[in-house]
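Asks: Fold the following.
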Amino acid sequence: MAVVTSISIKRFICSSMNPKIGLSSRSLHLKPREESIRFPINPVQYTSSSLSLKKKYLSKSVIVASIHRAEPEVVTEDTWDEYVLNSDIPVIVEFWASWCGPCRMVHREIEEIANEYAGKIKCYKLRADVEFKIAEKYGVKAVPIVLFFKNGEKSDSVIGTMPKHVYTAAIDKLLTPSS
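Replies: Model (predicted):
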């Protein structure tokens, strides 16, 4: 039985689109801190002409540690009401643009926050350069900007690239029951 021990190798195997190194087409969605999962490597996906490579991986399995990451989903004008305004828990929406360098830094912060606050808030991202009607409706003039919603109403915003604690402070305020 083959055991993948390096986290970088796990990431590489699980994220590779190359069929020569790809695993079976099963998707892995594990809960954080879940022990591990064992699944067979599908030798059919190894299209290399090397017979030894195919034989090497035939009937072996890989043990992969938990790889689940709560990544923010994309929200559009069509899904805005359902995902944001009608949500039963608080929502944060990152407005970004494909050409925006600082937005990439905010992506990482929001992704970490989505993992830390999983189940307490929902995190979404919206391309302001594509979904301009929603951006205009909420007065978004520059990106990145993160808007915070509770009970379908905008309650706060953070403009620009800020340290993570700025976002988490706004979230903690959002999660505090109002008196």
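
Asks: ok, Leu175 to Lys164 distance?
Replies: Remark: distance between Leu175 and Lys164 (C-beta to C-beta, to the nearest Å) = 16 Å. Every C-beta, even on glycine, is put in place using the N, C-alpha and C of the backbone.

Asks: so for the longest helix belonging to the chain, what's the average pLDDT?
Replies: When the chain is scanned for its longest helix (criterion: DSSP state H), the result is helix 101-116. Summarised as a single mean, pLDDT over helix 101-116 is 94.

Asks: Could you number the chain from 500 rather than 1 from now on?
Replies: In the new count, where the first residue is 500, that last one comes out as helix 600-615.

Asks: Describe which strands the helix or strand just after that helix pairs with in its sheet and in which direction.
Replies: Remark: after helix 600-615, the chain's next helix or strand is strand 621-626, criterion DSSP states H and E. Applying DSSP bridges, strand 621-626 is found paired with strand 572-573 (parallel), strand 590-595 (parallel).

Asks: Could you chop the protein up by domain?
Replies: Taking automatic domain parsing as the reference, the chain has its domains at 506-564, 572-674.

Asks: need the least confident one among those domains, by mean pLDDT.
Replies: In terms of mean pLDDT, the lowest-scoring of the domains of the chain is domain 506-564 (a mean of 46).
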